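A.B. asks: sequence plus predicted model, see below.
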Amino acid sequence: MTKEELASMLNGRSYEEDITDEEERIAKDNGLVIMMGNTFGGVNLYGALHDEVDAYNEFTILFFNGKRFEGACHYGDQCGTLDKVKELPCIKFVEVTCNYDMESEWKFETSIPHAYFESVKDGKKFYSGIVFDINSIKGN
C-alpha cells in the first residue's frame, strides 16, 4: 500500500474514530507513518513509528535516522539552535500548528514527501494528518 492509498482510506472519517489496529498494522507492514493531531493538543504517530508528542500551538518535530528526537521544540521557547539543526541534511522535520480557536485545526508543513488526509465533525473539517514513508526520514 502507498502513502496515498492509506491517506485516502483515512480521509473523511469522523474525528471520533481512532486509527484501528488493522490500519496501524497495514501502515507498519508497508513502512508508513501516520501523523495526526489529537483532541488533547498533541500529535500521534502510528505505523512504522508509534509515538505521541505532547505539544501545543506551534512546534517542530525533529527526526534523525528514522527516529523521532524526544520532545518537541515550541516556538517562543529557548530553542536558539533549532534553525541551525533544521539546516543539517541528516535532519528531517515537520512544523506543526494547532489553532484551538478554530476547533483544533491542525496544519503540517514539511519537505518530507507525504499524503494528506482530514477528519470531519458535523460535516466540516476538524483535524488533519499526513502519511509518509519511514525511508523518507532516514539518513542520507
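C.D. replies: Good, I have the coordinates. Predicted model, so just to flag it, every value in this text is computed and none were measured.
A.B. asks: and for stretch 22-32, what's in contact with it?
C.D. replies: By C-beta atoms under 8 Å, 6 or more residues apart in numbering, the list of residues contacting stretch 22-32 from outside reads 1-3, 6, 9-10, 33-34, 46-48, 50, 131-135. Heads up, the C-betas are built off the backbone N, CA and C, glycines and all.
A.B. asks: so the residue nearest to Ile34 when sequence neighbours are not counted versus Leu32, what's the distance?
C.D. replies: Sequence neighbours aside, Tyr46 is the residue nearest to Ile34 in space, at 4.2 Å (criterion: C-beta to C-beta, 6 or more residues apart in numbering). Distance, Tyr46 to Leu32, by C-beta to C-beta, to the nearest Å: 9 Å.
A.B. asks: mind checking which of the contacts of stretch 22-32 land in helices?
C.D. replies: Counted as lying in helices by DSSP state H, out of the contacts of stretch 22-32, are Lys3, Leu6, Met9, Leu10.
A.B. asks: pull out the buried members of those.
C.D. replies: For the ones in helices among the contacts of stretch 22-32, a burial check counting by 16 or more other C-beta atoms under 10 Å picks out Lys3, Leu6, Leu10.
A.B. asks: you'd agree Tyr116 is up against Phe132?
C.D. replies: No. The criterion here is C-beta atoms under 8 Å, and Tyr116 misses it with Phe132 at 10.3 Å.
A.B. asks: who's more crowded, those two?
C.D. replies: Taking other C-beta atoms under 10 Å, Tyr116 and Phe132 do not tie; Phe132 has more neighbours (26 against 14).
A.B. asks: quick one: the more buried one from Glu16, how far?
C.D. replies: Taken as C-beta to C-beta, the span from Phe132 to Glu16 is 24 Å.
A.B. asks: who does the nearest residue to Phe108 once chain neighbours are set aside form a beta bridge with?
C.D. replies: Spatial nearest neighbour of Phe108, chain neighbours left out: Ile130 (5.1 Å); criterion: C-beta to C-beta, 6+ apart. Counting by DSSP bridges, Ile130 is bridged to Met35, Tyr116.
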